[in-house]
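1. here's my sequence, what's the structure:
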Amino acid sequence: QVQLVESGGGLVQAGGSLRLSCAASGRTFSSYAMGWFRQAPGKEREFVATILYTSSNTYYADSVKGRFTISRDNAKNTVYLQMNSLKPEDTAVYYCAASRFNDAPRGWNEYDYWGQGTQVTVSS
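-> Numbers count the residues shown, from 1 in each chain. A predicted model of the protein is given here:
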């Protein structure tokens, strides 16, 4: 079992930055690929970014590529999402998730454990 707790969400103006954190506890953190998803009101949950067991392999949705950076610190059991140049369309609840599949999982059903989510609101 893996427990995930997100933090760092909030209200920011367009063009601003936020850094989300996801602290993991339970089974070996470094054995899981970690991902971020988001869900806006009335929309399906969508893939944002994933980072594999080793921090050198990262993948992003086209909508955030060049603006968001995912990273992990296996010593601290924490994964981060640095979000720059935020846009109003980035407004959503952001979820951290852990996957036992180390092949760049992008589907929500490829993830085994989920956090409770943190709200990010970008004002125009």
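2. tell me the bridge partners for the spatially most central residue of the chain.
-> Centroid-nearest residue in the chain: Trp36, 2.2 Å away (criterion: Cα atoms, centre = their mean). In this entry, Trp36 is beta-bridged to Ala49, Cys96, by DSSP bridges.
3. which pLDDT value belongs to it?
-> Predicted confidence (pLDDT) for Trp36: 98.
4. what of the one 5 residues further on?
-> As summarised for this prediction, Pro41 has a pLDDT of 92.
5. that one belongs to a helix?
-> No - checked against DSSP: H, G, I helix; E, B strand; the rest coil, Pro41 lies outside a helix; its state is coil.
6. can you map out the helices along this structure?
-> Secondary structure of the chain (DSSP state H): no helices located.
7. in it, which spans are strands?
-> 2-7, 10-13, 18-26, 33-39, 46-51, 58-60, 68-73, 78-83, 92-99, 113-114, 118-123 (DSSP state E).
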